[in-house]
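Asks: this one's structure only:
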């Protein structure tokens, strides 16, 4: 906070005329959105936990092959796409638009791999294990409801994120948009990654079928 | 490079989580370990990838107290969930 002390005595960062956060408004807006979205996800995670604690016979349907392996690879995809997104922001800050666009494309590939694996896993649960949002073979209907709501909302975020990055990417290649726009889209992408860091252990690992 | 180190740390922590879930630990201990590791991973992502470590402290102080406060409010009635099974009629 000491960096906020200005040369003019009595002048505060909060007196107007400049950003007290030393960021542009797009970035601050994205941060506000991220915090409110974090609340949405924490409410859904809480609903999942509440349903789970109140049902002692909660099912543990995830075998090591394929579910845990799939979800671990999905975690790897998201973590790696976060790294490529950081590289994109880094290159954009140094004015290398081509390199930045390439890294954004790599990020989108990671996101698409995640969605593909997740949909495969969903279809296996629906068609092979006969889990639906309202019913499942293990007699705890809340499992399907909370599972599909939580992972479905997260998958929606990933799909929207890939779309968002696609729009940013084509603009970067065409010489439009500034470095801060790439950075703001990066913030959103890292947030999607961040949410998965909680869904993966709480939904998948805690429900792993241990022999 | 810092970002690659953070990425490797995140992968290692994920590996530890997957390993832990196949250890026969009591549920509460495993939950605490998994959530603890996840909070560390989240902090790494927020601090380095989302760059918050290098922003002004006022940004962090504006954003996060409300999130923590709301999560604590939700946790207050989590204890109710443990009583729900006892209140069910026995069929």
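Replies: Perfect, I can see it now. From a predicted model like this one, the values you see are computed outputs, not experimental measurements. Residues are numbered from 1 along each chain as shown, chains lettered A, B, ... in the order given.

Asks: how would you label residue A:21: helix, strand or coil?
Replies: Put simply, residue A:21 is coil when judged by DSSP: H, G, I helix; E, B strand; the rest coil.

Asks: residue B:8: neighbour count?
Replies: 12 (other CB atoms under 10 Å in any protein chain shown). (Each C-beta comes from the backbone N, C-alpha and C, glycine too.)

Asks: so which helix or strand takes in it?
Replies: Per DSSP states H and E, residue B:8 falls inside helix B:2-20.

Asks: residue A:49 against residue A:199, yeah?
Replies: No. In this structure residue A:49 lies outside contact range of residue A:199 using CB atoms under 8 Å: 11.8 Å.

Asks: tell me the secondary structure for residue A:16?
Replies: Counting by three-state DSSP, the backbone at residue A:16 sits in coil.

Asks: phi and psi next, for it.
Replies: phi 100, psi 160 (degrees, to the nearest 10).

Asks: with the one 10 residues further on instead?
Replies: Taking degrees, to the nearest 10, you get phi -60, psi -40 for the backbone angles of residue A:26.

Asks: which one is it nearest to, not counting chain neighbours?
Replies: Nearest non-adjacent residue to residue A:26, counting by CB to CB, 6 or more residues apart in numbering or on different chains: residue A:184, 5.0 Å away.

Asks: please apply the same query to residue A:13.
Replies: residue A:20 (4.2 Å).

Asks: show me which of residue A:49 and residue A:199 is the more surrounded one.
Replies: residue A:199 (21 against 18).

Asks: from what I can see that one touches residue A:45, true?
Replies: Yes. Using CB under 8 Å, residue A:199 is in contact with residue A:45, at 7.3 Å.

Asks: hey, what's in contact with both of the two?
Replies: Jointly contacting residue A:199 and residue A:45 under the rule CB atoms under 8 Å, 6 or more residues apart in numbering or on different chains are residue A:150.

Asks: quick check: mean pLDDT of the helix or strand containing residue A:39?
Replies: Secondary structure assignment for residue A:39, by DSSP H and E: helix A:25-53. Averaged across helix A:25-53, the pLDDT comes to 94.

Asks: what's the burial count for residue 40?
Replies: Going with chain A. 12.

Asks: that's the wrong chain, I wanted chain B
Replies: 14.

Asks: what of the one 3 residues further on?
Replies: The number of residues packed around residue B:43, counting by other CB under 10 Å, is 13.

Asks: what does residue A:94 give?
Replies: Residue A:94: 11 neighbours (other CB under 10 Å).

Asks: so what pLDDT did it get?
Replies: pLDDT recorded at residue A:94 is 95.

Asks: now do the contacts for it.
Replies: Counting by CB under 8 Å, 6+ apart, residue A:94 has no contacts.

Asks: still on that earlier bit, the helix holding residue A:39: which residues count as buried?
Replies: For helix A:25-53, burial by neighbour count (16 or more other CB atoms under 10 Å in any protein chain shown) applies to A:27-28, A:30-31, A:34-35, A:37-38, A:41-42, A:44-53.

Asks: which residue is nearest the middle of chain B?
Replies: Centroid-nearest residue in chain B: residue B:39, 3.6 Å away (criterion: CA atoms, centre = their mean).

Asks: which SS class is the residue nearest to residue A:26?
Replies: Under three-state DSSP, residue A:184 comes out as helix.

Asks: now it: how far from chain B?
Replies: From residue A:184 over to chain B the distance is 11 Å, taken as CB to the nearest CB, to the nearest Å.
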